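Q: coordinates for the following, if possible.
(chains A and B)
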Number of protein chains: 2
Amino acid sequence: MGLFTKDIKTMNDLFVHQLQDIYYAEQQLVKALPKMAEKATEPQLKQGFLTHLDETRTHVKRLEQVFQMHGVAVKAIDCPAIDGIIEEANETVGEVADKAVLDAALINAAQAAEHYEIARYGSLVAWARQLGRTDCASVLQKTLDEEKATDKKLTALAESRVNLRAAS
Amino acid sequence: MGLFTKDIKTMNDLFVHQLQDIYYAEQQLVKALPKMAEKATEPQLKQGFLTHLDETRTHVKRLEQVFQMHGVAVKAIDCPAIDGIIEEANETVGEVADKAVLDAALINAAQAAEHYEIARYGSLVAWARQLGRTDCASVLQKTLDEEKATDKKLTALAESRVNLRAAS
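A: All right, here's what the predicted structure looks like:
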């Protein structure tokens, strides 16, 4: 990216830029999720983070597949949004003394990351279709569906157990 | 927040911490939305940003109401997540040369902010209910509903006009 040039000239450029951004974000989440699993105390939550870590590794591979299908180099660019989300998660989680409250804070942190990804993959799927790349859209849709499912699982877990325990 | 102390001891502390965080985030969005409206070229998108600016000002007021209902001081704390989302929006939008592509990038940026808020207000509503503050939950739910409605409007606008124009 040039500081004094406008490098995104077409919808295709925007699509590739966003692929590079989410590729970085997924890699950061592969690093963050094991730490979140380690901190979680509720066994279902701990397992949920580990399951999502496996899924996230698959998301990284799927992005590499989309780069290749689309004929562009696999590349990550800095993504200040995910850095900020992870920084905020670390700050908040680091402030929590009580274990049950910690689980609630961890779920909240994970849901911020999930929603970031839902927004980004939502755009990527729409853009891929507009560009006539239904093959790429279909691969990206799989990840979008998994992010949405993870978000729902986290909400269910929060409402059924963690928040009740934390507020008691 | 102390660097060497764990200041969040109860679910109530976490609730207040998150209120302070989203209060900062909403204030940053009040600053960012007029700039997004200015950059948007599609009239419906421009108007959409201005309408959401009005809503966002109401969200700030509702948070002040919740602080008061809950008997705590109105206070904002830094929110690295929204700072990152806005920084990324500025970086990406600043790179776009074509006007139609710019609109697609602006929608994508706005949806990242909407999803951040959906995640945070979702937790806040759930936590308020768990804490027995159905009065606060009901005020926060109004904002959550508006954020979700804005996200849907942005998707509809992207799919119906902006992406088609950008990819043509």
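Q: alpha carbons only for contacts and neighbour counts from here, please
A: Noted.
Q: what is the burial count for residue A:142?
A: 14 (other CA atoms under 10 Å in any protein chain shown).
Q: ugh, wrong one, residue A:57
A: Counted with other CA under 10 Å, residues neighbouring residue A:57 total 14.
Q: if I read this right, residue A:20 contacts residue A:77, doesn't it?
A: Yes: using CA atoms under 8 Å, residue A:20 and residue A:77 qualify as a contacting pair, with a distance of 5.4 Å.
Q: who has more neighbours, these two?
A: Comparing residue A:20 with residue A:77 by neighbour count (other CA under 10 Å), the higher total belongs to residue A:20, at 21 against 15.
Q: what about the longest helix in chain A?
A: Ranked by residue count under DSSP state H, the longest helix found in chain A is helix A:99-130.
Q: roughly how far is it from the heart of the chain?
A: Centroid separation for helix A:99-130 versus its chain: 5 Å, with CA atoms, centre = their mean, to the nearest Å.
Q: now do the contacts for residue A:154.
A: By CA atoms under 8 Å, 6 or more residues apart in numbering or on different chains, the contact set of residue A:154 is A:107, A:111.
Q: and for residue A:121?
A: So residue A:121 contacts A:140, A:141, A:143, A:144 (CA under 8 Å, 6+ apart).
Q: with residue A:50 instead?
A: A:33, A:34, A:37.
Q: recalculate using a threshold of 7 Å.
A: If you count contacts by CA atoms under 7 Å, 6 or more residues apart in numbering or on different chains, residue A:50 has them with A:34, A:37.
Q: up against chain B, what does chain A have?
A: Applying CA under 7 Å from any CA of the partner chain, we find that chain A lies next to chain B at A:6-11, A:79-81, A:83-85, A:87-88, A:94-98, A:101, A:108, A:111-112, A:115-116, A:119, A:123, A:127, A:130-131, A:163-164, A:166-167.
Q: buried among those residues? Make that a PyMOL selection.
A: Applying 16 or more other CA atoms under 10 Å in any protein chain shown to these, the buried members can be selected in PyMOL as follows:
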select buried, chain A and resi 7+8+9+10+11+79+80+81+83+84+85+87+88+94+95+96+101+108+111+112+115+116+119+123+127+130+131+163+164+166+167
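Q: and the next helix or strand past the longest helix of chain A?
A: Using DSSP states H and E, the helix or strand that directly follows helix A:99-130 along the chain is helix A:134-157.
Q: give me the residue at the spatial middle of chain A.
A: Residue closest to the average C-alpha location in chain A (CA atoms, centre = their mean): residue A:117, at 4.3 Å.
Q: pLDDT below threshold where in chain A?
A: Applying pLDDT under 70 to chain A flags residues A:1-5, A:162-164, A:166-168.
Q: returning to what we had before: gap between the residue nearest to the centre of chain A and residue A:78?
A: Going from residue A:117 to residue A:78 by CA to CA, to the nearest Å gives 15 Å.
Q: ok, residue A:159 next?
A: When distance is defined by CA to CA, residue A:159 is 34 Å away from residue A:78.
Q: which of these two has more neighbours?
A: residue A:159 (17 against 14).
Q: which one is the more buried one nearest to, not counting chain neighbours?
A: Leaving aside its sequence neighbours, residue A:159 sits nearest to residue B:126 (CA to CA, 6 or more residues apart in numbering or on different chains; 7.2 Å).
Q: next, count neighbours for the one you found.
A: Using other CA under 10 Å, residue B:126 has 21 other residues around it.
Q: need the contact list for residue A:105.
A: Contacts for residue A:105 (CA under 7 Å, 6+ apart) come out as residue A:93.
Q: try it again with 8 Å
A: Contact analysis of residue A:105 by CA under 8 Å, 6+ apart lists A:92, A:93, A:96, B:14.
Q: touching, the second one and residue A:106? I think so.
A: Read that as residue A:93. Yes: between residue A:93 and residue A:106 there is a contact under CA under 8 Å: 6.6 Å.
Q: list the contacts of the helix or strand containing residue A:84.
A: Using DSSP H and E, residue A:84 sits within helix A:80-95. In this structure, residues lying in contact with helix A:80-95 by CA under 8 Å, 6+ apart are A:25, A:28, A:32, A:102, A:105-106, A:109, A:112-113, A:116, B:1, B:5-8, B:79-88.
Q: the inter-axis angle of that helix versus helix B:80-95?
A: Using axes from the mean of the first three to the mean of the last three CA atoms, to 10 degrees, the inter-axis angle of helix A:80-95 relative to helix B:80-95 is 170 degrees.
Q: show me how far helix A:80-95 is from its chain's centre.
A: 13 Å.
Q: over to stretch A:79-89?
A: Computed by CA atoms, centre = their mean, the chain-centroid distance of stretch A:79-89 equals 11 Å.
Q: alpha carbons of it, as PDB, please.
A: Written as PDB, here are the backbone C-alpha positions of stretch A:79-89 (Å, rounded to 0.1, in the frame of the first residue of the first chain):
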ATOM      1  CA  CYS A  79      -5.500  -5.500  10.300                       C
ATOM      2  CA  PRO A  80      -5.800  -2.900  13.100                       C
ATOM      3  CA  ALA A  81      -9.400  -3.900  13.800                       C
ATOM      4  CA  ILE A  82      -8.600  -7.500  15.000                       C
ATOM      5  CA  ASP A  83      -5.400  -6.200  16.800                       C
ATOM      6  CA  GLY A  84      -7.700  -3.800  18.700                       C
ATOM      7  CA  ILE A  85     -10.300  -6.500  19.500                       C
ATOM      8  CA  ILE A  86      -7.600  -8.800  20.800                       C
ATOM      9  CA  GLU A  87      -5.900  -6.000  22.800                       C
ATOM     10  CA  GLU A  88      -9.200  -5.100  24.400                       C
ATOM     11  CA  ALA A  89      -9.900  -8.700  25.200                       C
END
